[in-house]
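**Student:** One predicted model, sequence on top.
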Amino acid sequence: MEKEKRLNFREEKLYFSDLSGRYITVAIGNSYVEGKDLILGLADSLEFLKTVPDESVKLVVTSPPYNIGKVYEERVKLEEYLNYQRKVAEECKRIITEDGSIAWEVGNYIYNGEIFPLDYFFYRIFKEELGLKMRNRIIWRFGHGLHASKRFSGRYETISWFTKSDHYTFNLDAVRVPQKYPGKTSYKGRNHGRPSGNPLGKNPEDVWDIVLQDWEEQIWDIPNVKSNHPEKTIHPAQFPIELVQRLILALTNENDTVLDPFGGVGSSALAALLLNRRAISVDRDENYTMIALERVKALVNGTLKIRKIGTRIYVPTGKEKVAKIPKEWLKNESS
Ligand SMILES: C[S@@+](CC[C@H](N)C(=O)[O-])C[C@H]1O[C@@H](n2cnc3c(N)ncnc32)[C@H](O)[C@@H]1O
């Protein structure tokens, strides 16, 4: 069986086009294989995870399917969905190192107009059933999305960060962000009159404004806003690479392994490779996996379009056409 499983493995060596001689080794197949920079697992997540050795991964980061009927999932009863996810979670706990982490990004499951915040259910699995420790519940806030008519429009999802032990990697300096008022000084005590902040920047806090759609260098009235993000592929629920990069910088060190059990078009893997980490990305969809491979090739060729980490979110000046009140509305007001 083990042999059979490995039959459909294929491997590639991708050379960076900068002529430096650097390369990454990639394996594509349905089980774990030792010593690669990247494994693209084309398999059911649970089946693949069973082949990954104990304590071999520093960070599991993912956005699982939410069971809301997206093209890549079949809607099932919440209990059935959670039963499968629980098994995946157990495997994730097994494969992370003692100082490792799990970062689980979810939104809501929706049934009959009622919302079920999935992080509530995953907290019970990771904390109460598996005994992991929660370090943050990060709010990922974004500016755009569906407009609800029977409840407030949803504009955030959460990233639950759990660790296996109290001795976990957390590189705060690697993810500090610029202070709003770097010139602020201490007003009393020994440091009176001296700058009060950290010259490396401040803690990025637990509410993250990372854009889903990038308006910055784009024309304002493109109808399909989703296509505005430079990283957009055909995948309907893609991670911004920037979001994963922050987690990887903070929770892992160079050469550590990052695994995404629901890897889609490889956004977590790209973030990991960009930061000199090893990556494993698992998805059962062949199309997405091939797009992931193409994106990795683009990364190596220097043609991958990404939104650079820390790029400021565009703030409208008020002069843009779409920022002005439509003439029709003004007419209604005066009549
Ligand atoms: C929310 S998307 C993740 C997208 C990913 N973060 C990205 O940036 O491309 C969930 C992914 O899980 C995959 N998936 C769903 N059920 C799966 C399963 N049982 N095993 C493996 N992959 C699965 C889907 O094909 C989909 O691409």
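**Tutor:** The structure has been received and is ready for your questions.
**Student:** can you pull out the helices in the stretch 51-200 of the chain?
**Tutor:** Taking DSSP state H, counting those that start in this stretch, the helices of the stretch 51-200 of the chain run over residues 78-95, 118-123.
**Student:** Now for this structure, the helix or strand with the poorest mean pLDDT.
**Tutor:** Using mean pLDDT, DSSP states H and E, helix 2-7 stands out as the lowest-scoring helix or strand of the chain, at a mean of 48.
**Student:** ok, then the element right after that one?
**Tutor:** Using DSSP states H and E, the next helix or strand after helix 2-7 towards the C-terminus is strand 10-15.
**Student:** give the contact list for residue 254.
**Tutor:** For residue 254, the contact set (C-beta atoms under 8 Å, 6 or more residues apart in numbering) comprises 275-277. The way it works is simple: take the backbone N, C-alpha and C, and place the C-beta from them, glycine included.
**Student:** again, only using 7 Å
**Tutor:** 276-277 (C-beta atoms under 7 Å, 6 or more residues apart in numbering).
**Student:** same check, this time on residue 10
**Tutor:** By C-beta under 7 Å, 6+ apart, the contact set of residue 10 is 28-29.
**Student:** where's it relative to residue 293, distance?
**Tutor:** Applying C-beta to C-beta, to the nearest Å, one obtains 10 Å for the distance of residue 10 from residue 293.
**Student:** Need the residues touching each of these two.
**Tutor:** Joint contacts of residue 10 and residue 293 (C-beta under 7 Å, 6+ apart) are residue 28.
**Student:** mind giving me CSV with the helices of the stretch 51-200 of the chain and columns for distance to the ligand, mean neighbour count and mean pLDDT?
**Tutor:** Listed next are the helices of the stretch 51-200 of the chain as CSV, based on distance: least, C-beta to the nearest ligand atom, whole Å; neighbours: other C-beta atoms under 10 Å; pLDDT from 0 to 100:
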stretch, distance to the ligand, mean neighbour count, mean pLDDT
helix 78-95, 7, 18, 97
helix 118-123, 11, 19, 97
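**Student:** and those helices as TSV, adding distance to residue 22?
**Tutor:** Below are these laid out as TSV (distance: least, C-beta to C-beta, whole Å):
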stretch	distance to residue 22
helix 78-95	28
helix 118-123	38
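**Student:** Kindly provide the distance from residue 248 to the ligand.
**Tutor:** 13 Å (C-beta to the nearest ligand atom, to the nearest Å).
**Student:** and residue 252, how many neighbours?
**Tutor:** Each residue near residue 252 was counted by other C-beta atoms under 10 Å, and the total is 26.
**Student:** For the stretch 201-335 of the chain, what lies in contact range of the ligand?
**Tutor:** Contact residues, the stretch 201-335 of the chain versus the ligand (C-beta under 6 Å from any ligand atom): 235, 237-239, 262-265, 267, 282-285, 288.
**Student:** did I read that right, residue 288 in a helix?
**Tutor:** Yes: the assignment for residue 288 by DSSP: H, G, I helix; E, B strand; the rest coil puts it in a helix.
**Student:** quick one: contacts for it?
**Tutor:** 235, 264-265.
**Student:** let's see it at 8 Å
**Tutor:** Taking C-beta under 8 Å, 6+ apart, we find residue 288 in contact with 72, 235, 263-266.
**Student:** Now do the contacts for the closest residue to residue 73 other than its chain neighbours.
**Tutor:** In this structure, residue 73 finds its nearest non-sequential neighbour in residue 65, 4.0 Å apart by C-beta to C-beta, 6 or more residues apart in numbering. Listed by C-beta under 8 Å, 6+ apart, the contact partners of residue 65 are 72-73, 262.
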